[in-house]
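Asks: Okay, predicted coordinates and the sequence, questions at the end:
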Amino acid sequence: MSKLHLIATSAFGIEAVVGRELKHLGYEDQSIENGKVTFAGDEAAIVKSNLWLRSADRVLLKMGEFQALSFDELFEKTKALPWDEWIPENAEFPVEGKSINSKLSSVPDCQAIVKKAIVEKLKQRYKINWFEENGPLYKIEVALLKDMATLTIDTSGPGLHKRGYRKLVANAPLKETLASAMILISRWKHDRALIDPFCGSGTIPIEAALIANNIAPGLKREFSAQRWNNIPQSLWTKAREEAQDLIKTDQEVRISGSDIDDEVMSLARYHAKQAGVESSIHLQRMPAADIKSRYKYGFIICNPPYGERLGELKEVEKLYRQMGQVFKTLDAWSYYIITSHPEFEKIFGQRASKKRKLYNGKIQCNYYQFYGPPPPKEKPAQAQE
C-alpha cells in the first residue's frame, strides 16, 4: 500500500465535521482548509472514505501542488507528476478547472494545457500517439488559487450525497450530506427522540436512521475508483462486507418526520424503504402546529421554508412565530434549525445558544442551535450485600 494524499471536499462551514468523521475512521494526519480536508492514507483509505463519509461532497486523489505563474510552468510541472502510475492506456480522463485570484485566469486554457501535459506523459509510457478514452473514468481537476495549482483525480464519481435511495426528488431538497452534517453537529444519539416537522421527502429522518443503525451511506452505490487498476477489487469487497457486518439491527430508534404535503410524505416513505430504514422512522402527515411527543427529552432538527420566493415571506414569518410557541412546549428539548432568514431568532422569540454559517446549495444560511437541558444521568444500581 502506498502513502497517498487525499482530499475530502465539503460545503463551507462543515469542514470540521468532515475532519471529525475522518478521525473516527482512523485518519488522524489531516489539515482543514476552506471547503476541504486533506488527509493521508493508502488505497484502502480511498475505499473506506468513499463508503463511510456522511458529510463530505467527494474524495479526491491529490496528484500534486505547485506554483504556476505561466502556462509553460503549468505544462512542465503537470507533466512531471506520476500520471502514468494511475491512468491506464484506455482511460477516459476529462479535465475540469477553476481559477481564483491567479495570473492564469483563463480556465479553458488551463484545462487544455493540463490535458496536453498529461497526454505527453502517457505517450512516453504507452508509446502511442492517440488515446481512445473508452475505459474507466479518471476525472481530473486543475484548481488555481492565488497562483498555486492543485491537481487531483476524482475517486467518487457522482457526489457523495447521491446515496442511491433518493430516486425521486421533491421541490427544494436538502442535500443528504448537509442533512447528515446537521445531525452530526447536534451530537444527537440514537437513544434520544428526534423529530423533523418539515421532513419533505425524508432526508433528515433517513440520514438520522442511517447514523443510528451504523449503515455506511455509500453501501448501495458505486464509485469511479471501483474500476481503477490500482485499487484491488478485494479491497472493495472486504470493505463492503465489513460495512454490512457493522450494521446494528437491534437499536431502539425514536425518529419521526412529518409534513403537511401528502405527496412529499409519500416520497419520504418511498425513500425510507429504498434506504432500508423504513422500520426505524415514523412518518405521518401533520402540520408543525400539532407537534408533540411523549418523550421528555429529545431533538428537533429541521429545514423549514425560508420564504425565498416573492410573496412567501409573510407566511414564513407567521410559521416561525408558530414554531417558537410550539417548540417551547417541548421545554426540555434541543432545537436545531437551518434558515436563511436574517431575523429568525427575533421572530422565533428566542436567542440561539449558538449559530453557525452554512450553505444550503448556494443559499447562505445560519444553523441555529438551541440547547435543552441534558437528561439526568441514571444512578448506578446498588450492589447487593
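Replies: In hand now; what should we look at? Model, not experiment: these values are computed from the prediction.
Asks: Now do Val126 against Trp83, distance only.
Replies: Val isn't right for residue 126; it's Tyr. 11 Å (Cβ to Cβ, to the nearest Å). In this view, the C-beta of every residue, glycine as well, is placed from N, C-alpha and C.
Asks: and if you look at Ser258?
Replies: Taken as Cβ to Cβ, the span from Ser258 to Trp83 is 52 Å.
Asks: Neighbour count: Tyr126 and Trp83, which is higher?
Replies: Trp83 (24 against 14; other Cβ atoms under 10 Å).
Asks: Identify each buried residue in the lengthiest helix in the chain, please.
Replies: Counting by DSSP state H, the longest helix found in the chain is helix 107-126. Buried residues in helix 107-126, counted by 16 or more other Cβ atoms under 10 Å: 107, 110-111, 113-115, 117-118, 121-122.
Asks: and those, which two are the farthest apart?
Replies: Val107 and Leu122 (22.5 Å; Cβ to Cβ).
Asks: From the contact counts, what lies against the longest helix of the chain?
Replies: helix 71-79, strand 95-100, strand 139-145 (3 or more Cβ pairs under 8 Å, 6 or more residues apart in numbering; DSSP states H and E).
Asks: Cross-check the contact I'm expecting between Gly361 and Thr177.
Replies: No: taking Cβ atoms under 8 Å as the definition, Gly361 is not a contact partner of Thr177, at 11.4 Å.
Asks: who's more crowded, those two?
Replies: Between Gly361 and Thr177, Thr177 has the larger neighbour count (other Cβ under 10 Å), namely 27 against 12.
Asks: what is the mean pLDDT for whatever helix or strand that one lives in?
Replies: Element membership of Thr177, judged by DSSP states H and E, is helix 176-186. Average pLDDT, helix 176-186: 97.
Asks: now stretch 292-301
Replies: Here the average pLDDT along stretch 292-301 is 95.
Asks: From one end of that stretch to the other, what's the distance?
Replies: 14 Å (Cα to Cα, to the nearest Å).
Asks: Going by neighbour count, list what's buried in it.
Replies: In stretch 292-301, counting by 16+ other Cβ under 10 Å, buried: 293, 297-301.
Asks: who's in contact with that stretch?
Replies: Stretch 292-301 is contacted by residues 182-183, 186, 188, 192-197, 204, 208, 254, 291, 327, 329-330, 332-337, 372-375 when judged by Cβ atoms under 8 Å, 6 or more residues apart in numbering.
Asks: ChimeraX command to pick out the buried ones of those residues?
Replies: Restricted to buried positions by 16+ other Cβ under 10 Å, the ChimeraX selection for the contacts of stretch 292-301 reads:
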select :182,183,186,188,192,193,194,195,196,197,204,208,254,291,327,330,333,334,335,336,337,372
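Asks: remind me which residues of this protein are low pLDDT?
Replies: 1, 168-172, 310-311, 378-385 (pLDDT under 70).
Asks: go with 50
Replies: Residue ranges of the chain with pLDDT under 50: 383-385.
Asks: Do a quick rundown of the helices in it.
Replies: Using DSSP H, helices in the chain cover 15-24, 43-52, 71-79, 107-126, 176-186, 203-212, 233-245, 262-275, 313-328, 344-348.
Asks: and the last one, what does it pack onto?
Replies: Using 3+ Cβ pairs under 8 Å, 6+ apart as the contact definition, the elements that helix 344-348 packs against are helix 313-328, strand 363-370.
Asks: residues contacting Lys355?
Replies: Counting by Cβ under 8 Å, 6+ apart, the residues that Lys355 touches are 366-369.
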